[in-house]
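>>> From the sequence below, what's the structure:
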Amino acid sequence: MSKRHVHRCWLPFFLCLSLTACSEKPPPPAPRPLLEQIHSNGELVILTTNEPTAYYFDRDDKPAGPEYEMARAFAESLGVKPDFRVFDSLPEVINALRQGEGHIAAAGITITKERQKHFDFGPPYQEVNEELICYRNSKRVGDAGDIAGLEIVVPAQSSYIRTLEKLQTEYPDIYWKTDTRLLTPQLMKKVWRKKIQCTVADSTIAAINRRYYPELSLKYTLASNSQLAWMFPKNSPQLNNAITQWFEEFNKFSALDHLQEKYYGFVEVFDYVDVKRFLRRIDKRYPQYRVMFETAAKEQGISPTLLAAVSYQESHWNPRAKSPTGVRGMMMLTQPVARSLGVTSRLDAE
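Okay, the predicted model is just below:
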């Protein structure tokens, strides 16, 4: 075989190698660190839920809630704007974070081993108990074994599922259903309406919502000292460090304690009779005086709900109320105070 023939035989091979090398694309660039993206875009996208323990609009139609205040302050510390995206359920929040639709999930999320497989968590900022919630006059639950036979419905992908699974290993007759659409407060409302028998709630959620549904009862503590924290995508060490450092500063001057006192301090004591009376008088008495409160509040430049709340605290909206010390009327005025305000009759609500 001639050398020329050998060279011709190898020519297609080298040509193929050359074309293959030219057709190979360079590997895609590594994604920018999440914190760098946040700074570059000038905003922190926070995924949350609409409930009293996370994010809601207050009586003045302004955003409020413990998660809202903390996440907003964190965004300000980064020098970016907070962008809150509110979802109807926890599964939606988790899926949105998994799909890259946000930077952090701040929705009263419990740290669990299962979630840690897929996401990272910031430092715990609160501990709660997981409570079994049933109607007030339902059967007594003395121990975990008494839970067997109860109809229990919990939010899908919630930490309550793992808690119930642990109990089920010891008490096989414990069963539950999951709801993919509703948050815990909405399930508590269904218990109150007797649409379902029981649900499970964080102690903070239970304490707040019992003010609206006083017939609900905390039957049994299923888990103690569950830790809540912000959740964010894995492999984000810069963001993790930023969150950790911010919480250290936030705790340094008791800001976290003040925040929790603001949102949860009033729920420490629950008086069933007093709450029932209050709700009844909102329906029956408050409408009679609502316009009066709104008019007076506008004249004085204060909130009408604040004025109504003070009046309820003083007299339970009873214009003929009287105390042993002689103060009288809707606002329980003394005679000297009434004279100084030009009030001629303390029994005249207007």
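>>> Rounded mean pLDDT for stretch 208-220, please.
Along stretch 208-220, the predicted confidence averages to a pLDDT of 90.
>>> What separates the first and last residues of it, distance-wise?
Stretch 208-220 stretches 17 Å from its first residue to its last (Cα to Cα, to the nearest Å).
>>> what's the offset of it from the middle of its chain?
Relative to the mean C-alpha coordinate of its chain, stretch 208-220 is positioned 17 Å out (Cα atoms, centre = their mean, to the nearest Å).
>>> Ok, stretch 206-215 next?
Relative to its chain's centre, stretch 206-215 lies at 15 Å (Cα atoms, centre = their mean).
>>> Give me the buried positions along that stretch.
Across stretch 206-215, burial judged by 16 or more other Cβ atoms under 10 Å covers 206, 207, 208, 209, 210, 213, 214, 215. In this view, the C-beta of every residue, glycine as well, is placed from N, C-alpha and C.
>>> Could I get the phi/psi values of the most centrally placed residue in the chain?
Residue closest to the average C-alpha location in the chain (Cα atoms, centre = their mean): residue 54, at 2.6 Å. According to degrees, to the nearest 10, the main-chain angles of residue 54 amount to phi -130, psi -80.
>>> List the contacts of it.
For residue 54, the contacting residues are 48, 65, 66, 67, 68, 106, 107, 108, by Cβ atoms under 8 Å, 6 or more residues apart in numbering.
>>> Look up which helix or strand the closest residue to residue 46 other than its chain neighbours falls in, please.
Closest residue to residue 46 in three dimensions, ignoring its sequence neighbours and counting by Cβ to Cβ, 6 or more residues apart in numbering: residue 71, at 4.6 Å. Here residue 71, judged by DSSP states H and E, is contained in helix 66-78.
>>> Report the buried residues of the longest strand along the chain.
Among the segments of the chain that qualify as a strand by DSSP state E, the longest is strand 216-228. Residues of strand 216-228 classed as buried by neighbour count (16+ other Cβ under 10 Å): 216, 217, 218, 219, 220, 222, 223, 226, 227, 228.
>>> from these, which is closest to residue 86?
Proximity of the buried residues of strand 216-228 to residue 86 was ranked by Cβ to Cβ; the top entry is residue 228 with 18.1 Å.
>>> ok, the closest one touching residue 123?
No. When contacts are counted by Cβ atoms under 8 Å, residue 228 is not listed as touching residue 123 (10.5 Å).
>>> hey, where'd the strands end up in this structure?
Under the criterion DSSP E, strands of the chain are mapped to 43-49, 56-57, 63-64, 81-87, 104-105, 119-121, 126-135, 153-155, 177-179, 198-202, 216-228, 231-233.
>>> So for residue 341, which of those sits nearest?
Sorting the strands of the chain by Cβ to Cβ, the top spot, which is the nearest, belongs to strand 63-64 at 32.6 Å.
>>> elements contacting the closest one?
strand 56-57 (3 or more Cβ pairs under 8 Å, 6 or more residues apart in numbering; DSSP states H and E).
>>> partners of the strand it packs on in the sheet?
Strands flanking strand 56-57 in the sheet, each with its direction: strand 63-64 (antiparallel) (DSSP bridges).
>>> Give me the residues contacting the partner strand.
For strand 63-64, contacts defined as Cβ under 8 Å, 6+ apart pick out 55, 56, 57, 58, 84.
>>> are any of these buried, and which?
Among the contacts of strand 63-64, those classed as buried by neighbour count (16+ other Cβ under 10 Å) are 55, 56, 84.
>>> from those, which is closest to residue 323?
When those are compared for distance to residue 323 (Cβ to Cβ), residue 56 comes out closest, at 36.1 Å.
>>> Packing partners of the longest strand of the chain?
The criterion is 3+ Cβ pairs under 8 Å, 6+ apart, and the helices and strands that strand 216-228 contacts are strand 126-135, helix 159-170, helix 184-192, strand 198-202, helix 203-209.
>>> That one to strand 198-202, inter-axis angle?
On the basis of axes from the mean of the first three to the mean of the last three Cα atoms, to 10 degrees, strand 216-228 is oriented at 40 degrees to strand 198-202.
>>> Contacts made by strand 216-228 with the rest, please.
Contacts of strand 216-228 with the rest of the structure, by Cβ under 8 Å, 6+ apart, involve 108-111, 124-136, 138, 140-141, 143-144, 146-147, 159-160, 163-164, 167, 188, 191-192, 198, 200, 202-203, 206, 209-210.
>>> What of stretch 111-124?
Applying Cβ under 8 Å, 6+ apart, the set of residues contacting stretch 111-124 is 94, 97-98, 104-105, 109, 159, 162, 226-236, 240, 243-244, 247-248.
>>> 6 Å instead, please
Counting by Cβ atoms under 6 Å, 6 or more residues apart in numbering, the neighbours of stretch 111-124 from elsewhere in the structure are 159, 162, 227, 229, 230, 231, 232, 234, 240, 243, 244, 247.
>>> and the two most separated of the contacts of residue 54?
68 and 108 (11.6 Å).
>>> What's the local residue count around residue 61?
As a burial measure, the neighbour count of residue 61 was computed by other Cβ atoms under 10 Å and equals 6.
>>> okay, it: pLDDT?
Per-residue confidence (pLDDT) for residue 61: 85.
>>> any idea how far it is from residue 305?
Shown here: residue 61 relative to residue 305, a distance of 12 Å by Cβ to Cβ, to the nearest Å.
>>> Then residue 200?
Taking Cβ to Cβ as the measure, residue 200 falls 32 Å from residue 305.
>>> So for the two, which residue has more residues nearby?
A direct count of neighbours by other Cβ under 10 Å for residue 200 and residue 305 places residue 200 higher, at 27 against 14.
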